[in-house]
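In: Please work out how this folds:
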Amino acid sequence: MTKKKETAQPKEKVLRITLVKSAIGFEKSQGETARALGLRKLHTSVVQPDNSTVRGMVWKIRHLVEVEEVEQ
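Out: You can find the predicted model right below:
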């Protein structure tokens, strides 16, 4: 009987996004983008997958959020 070698699975990268500034006073679509990411209140964080869609949304509201890359 042979043992299978366990291969290391690549860890999935995710982004921790924190809303640090209110979207009030900015374009309506920027507030909607923050809501679509799951950001409801100031200083709350959400974890989203690191993909091009989420990165594009973050880029649109980059002046309102702080972003950290986290490995899961």
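In: so where's the chain shaky on pLDDT?
Out: Across the chain, the ranges flagged by pLDDT under 70 are 1, 4, 6-9.
In: where along this structure do the helices fall?
Out: Taking DSSP state H as the test, the helices found in the chain are 28-37, 52-60.
In: now those in TSV, with distance to residue 15 and mean neighbour count?
Out: No exception for glycine: its C-beta is placed from N, CA and C like everyone else's. Below are the helices of the chain laid out as TSV (distance: least, Cβ to Cβ, whole Å; neighbours: other Cβ atoms under 10 Å):
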stretch	distance to residue 15	mean neighbour count
helix 28-37	9	15
helix 52-60	6	14
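In: now those helices as a markdown table including distance to residue 5?
Out: Below are the helices of the chain laid out as a markdown table (distance: least, Cβ to Cβ, whole Å):
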| stretch | distance to residue 5 |
| --- | --- |
| helix 28-37 | 39 |
| helix 52-60 | 33 |
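In: wait, which of these is closest to residue 43?
Out: For the helices of the chain, proximity to residue 43 was assessed by Cβ to Cβ; helix 28-37 is nearest, at 12.8 Å.
In: Show me how far that closest one is from its chain's centre.
Out: Distance, stretch centre to chain centre, for helix 28-37: 13 Å (Cα atoms, centre = their mean, to the nearest Å).
In: Now do it: which elements does it pack against?
Out: If you count contacts as 3 or more Cβ pairs under 8 Å, 6 or more residues apart in numbering; DSSP states H and E, helix 28-37 packs onto helix 52-60.
In: Who are the packing partners of the helix it packs on?
Out: Helices and strands touching helix 52-60, by 3+ Cβ pairs under 8 Å, 6+ apart, are strand 13-19, helix 28-37.
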